[in-house]
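**Q** The amino acid sequence is not available; the structure is as follows:
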Ligand code: ACM
Ligand code: ZN
């Protein structure tokens, strides 16, 4: 498939003073500045050059790109250390910001500049996305058009933190699956993997000082079948034996991610969500157990007994190994969904509350301040190891630890409160970026999900700053992340189905300046990014172009139809499949008789996406107002 180059109406002045036309490309996230020039560059005849002052990881990234390009376009190019006036040339430019890059394509040369690995990686992703999607694969495709348009790109991300979360506790994913997760993050220029390694349903990280965490804590005896809200049935099958990462394996993942410019932030969720640890070490709980690794989803009452000093020692020992293993600047200590019922009844926790002089006040109970004490102690410990603390927005309840970064998940309120208090925040609101939510309204035909409804356009619409925010507050918003909890997701195929293409929308929120975001331009690129997913072997949700319908009643019944983008919708009322010749939808369709309405959008000359379908049976009350009359019966 050849990429299209669409000229926008915008004219901008080029650095050299002459007019250049601002251009859009089928690249997601879209570069922040792109100008079109005349001509094209033939990548199938090119060699690749790089400066000898590039660091080793950048050289390796350039080399991997070159080998994949040569293989897929069938060229006999070579990789050469040194400068050149021809070919694809990677040069170090220390004047560029950390993650910025520049690409200048002329008929003879593609000049790529960056100040380090991340910039080079993003430049490579942009170049690859301007070429046929086959460049992301491993099969020769020499007969395709391997030219690049002559463009001038200057690009840098809007946010420095561009995260994606992965829950490996509820369901475990293999080393290869974690790597595949990282691969697709690289394609969309993310730079942080938030790895949720521990929870009630499984402890997945080897801790050498506490071997039972993985020997016992990784295995649950049974798992709930169906949805938490309507099932009490368990499968009685053991899950998770051997399902954890050794520290050696973690190092392998860290190196794999680092080579792609991705930092891995580990999460040890505390003091709630700790049943797996309690099953292994019951003495760390308020009641002393016994406890089981949980086979159910939701929030468990049993949490760590933080009144005991031995629990704090356990946490510090675990975090010490985590700090040693993970080079990231941050460690995530969870802090979410920690019920206080056990602490209320526990002599150790109550003694600690008395010792610290914690009191109920008009906003919070003393037990909330007890959690604040735990967070503050963890922060102090992490600081002693040169690390910073991130916690879910519950850490705002009680007293916020002095330098904590707040991860806002219960909507945006926590993040907004944190930045007003002068703290950093990472925005990961469930209202826009909980990718375990349904992506279609046709829930019966979707795999079971936790609930909600988050179509791609809702993710895309998110703006992390608000009107009235000061510049200082805006600067405290480090970035945006999507979370993918896996209670209902057992396989990698299902995982990627939930992730994609919503990840592409996330990437534009993270990377693009507000004026560069453009939903219709994004939709026009959908065939291209889906082609990349196909070539790379990812499953993905294909609801972008579905036609949706909503019934309105009142004065009769009418159906309101909707499809994304500026696409016409055609419909039939006789149950036949709509074609381009079927009536065009212009206003709500009135239903006056028994019929089946089917509607579908027309995109690029073809009927596309899923057909909306609904049957109606005519009767006298159809669409009439309903009046409910209640009567009381004399007893
Ligand atoms: C969360 O979703 N409990 C952070
Ligand atoms: Zn206790």
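**A** Good, I have the coordinates. Bear in mind that the values here come from a model prediction, so they are computed numbers and not experimental data. Ligands and ions are numbered 1, 2, ... in the order given.

**Q** in the stretch 101-250 of the chain, which spans are helices?
**A** 117-130, 175-187, 212-215, 247-258 (DSSP state H, counting those that start in this stretch).

**Q** Return the most buried member of those helices.
**A** By mean neighbour count, with neighbours taken as mean count of other Cβ atoms under 10 Å, helix 117-130 ranks first of these at a mean of 24. The C-beta positions use only the backbone N, C-alpha and C, and glycine is treated the same way.

**Q** Check which helices and strands that one sits against.
**A** helix 56-73, strand 87-92, strand 101-105, strand 109-114, strand 147-155, helix 175-187, helix 526-536 (3 or more Cβ pairs under 8 Å, 6 or more residues apart in numbering; DSSP states H and E).

**Q** per-residue confidence averaged over the third one?
**A** The one in question is strand 101-105. Mean pLDDT, computed over strand 101-105, is 98.

**Q** Show residues contacting it.
**A** Outside strand 101-105, the residues within contact range by Cβ atoms under 8 Å, 6 or more residues apart in numbering are 37, 40-41, 93, 96, 110-114, 119-120, 122-123, 126-127, 148-156.

**Q** ok, and which of those residues reach ligand 1?
**A** Subset of those in contact with ligand 1: empty, counting by Cβ under 6 Å from any ligand atom.

**Q** residue nearest the centroid of this structure?
**A** Nearest to the geometric centre of the chain sits residue 482, at 3.2 Å (Cα atoms, centre = their mean).

**Q** That one belongs to a strand?
**A** Yes - using DSSP: H, G, I helix; E, B strand; the rest coil, the assignment for residue 482 is a strand.

**Q** From ligand 2, how far off is it?
**A** 35 Å (Cβ to the ion, to the nearest Å).

**Q** Quick check: phi and psi on the spatially closest residue to that residue that is not a sequence neighbour?
**A** Excluding its sequence neighbours, the residue lying closest to residue 482 (Cβ to Cβ, 6 or more residues apart in numbering) is residue 433, at 4.0 Å. Main-chain dihedrals, residue 433, degrees, to the nearest 10: phi -140, psi 30.

**Q** Contacts only, for the residue nearest to the centre of the chain.
**A** For residue 482, the contacting residues are 163-165, 428, 433-435, 459, 499, 502-503, 506, by Cβ under 8 Å, 6+ apart.

**Q** So which of the residues you listed is the closest to residue 280?
**A** Ranked by distance to residue 280 (Cβ to Cβ), the contacts of residue 482 are led by residue 165 at 24.3 Å.

**Q** Where does pLDDT dip in the protein?
**A** 1-21, 630-635 (pLDDT under 70).

**Q** Write out the residues of this structure neighbouring ligand 1.
**A** 336-337, 392, 409.

**Q** picking up where we left off before, for the residue nearest to the centre of the chain, list each beta-bridge partner.
**A** Residue 482 has these beta-bridge partners by DSSP bridges: residue 164.

**Q** The one helix or strand residue 352 maps to close to ligand 2?
**A** When elements are defined using DSSP states H and E, residue 352 is found to belong to helix 347-356. Yes - using Cβ under 5 Å from the ion, helix 347-356 comes into contact with ligand 2 via 348-349.

**Q** List the buried residues of that helix.
**A** For helix 347-356, the neighbour count (16 or more other Cβ atoms under 10 Å) marks 348-350, 352-353 as buried.

**Q** Stretch 602-614 now?
**A** 602-603, 607-613.

**Q** that older thread, mind putting the contacts of residue 482 in a markdown table, distance to residue 465 included?
**A** Formatted as a markdown table, these follow (distance: Cβ to Cβ, whole Å):
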| residue | distance to residue 465 |
| --- | --- |
| 163 | 17 |
| 164 | 21 |
| 165 | 21 |
| 428 | 15 |
| 433 | 16 |
| 434 | 20 |
| 435 | 22 |
| 459 | 17 |
| 499 | 25 |
| 502 | 21 |
| 503 | 22 |
| 506 | 16 |
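
**Q** In a markdown table: those, plus neighbour count and distance to residue 60.
**A** Below are these laid out as a markdown table (neighbours: other Cβ atoms under 10 Å; distance: Cβ to Cβ, whole Å):
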| residue | neighbour count | distance to residue 60 |
| --- | --- | --- |
| 163 | 27 | 24 |
| 164 | 28 | 23 |
| 165 | 23 | 27 |
| 428 | 26 | 31 |
| 433 | 26 | 32 |
| 434 | 22 | 35 |
| 435 | 23 | 31 |
| 459 | 24 | 33 |
| 499 | 25 | 26 |
| 502 | 24 | 30 |
| 503 | 27 | 25 |
| 506 | 29 | 27 |
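
**Q** closest to residue 301 among those residues?
**A** Distance to residue 301, by Cβ to Cβ, is smallest for residue 434 among the contacts of residue 482, at 23.6 Å.

**Q** show me what contacts that closest one?
**A** 409, 450, 452, 454, 482-483, 485.

**Q** Ok, residue 450 next?
**A** 227, 434, 436-437, 485, 487-488.

**Q** Out of the residues you listed, which is nearest to residue 279?
**A** Out of the contacts of residue 450, the member with the shortest distance to residue 279 (by Cβ to Cβ) is residue 487, at 18.2 Å.

**Q** Return the distance of the nearest residue to residue 602 once chain neighbours are set aside relative to residue 551.
**A** Spatial nearest neighbour of residue 602, excluding adjacent residues (Cβ to Cβ, 6+ apart): residue 568 at 5.0 Å. Per Cβ to Cβ, to the nearest Å, residue 568 is found 21 Å from residue 551.

**Q** now do residue 213
**A** In terms of Cβ to Cβ, residue 213 sits 53 Å off from residue 551.

**Q** got it, and residue 116?
**A** Going from residue 116 to residue 551 by Cβ to Cβ gives 55 Å.

**Q** How about residue 407?
**A** Computed as Cβ to Cβ, the residue 407 to residue 551 distance reads 39 Å.

**Q** Compare those two and say which is more crowded by neighbours.
**A** Using other Cβ atoms under 10 Å as the criterion, residue 407 and residue 551 rank with residue 407 on top: 30 against 14.
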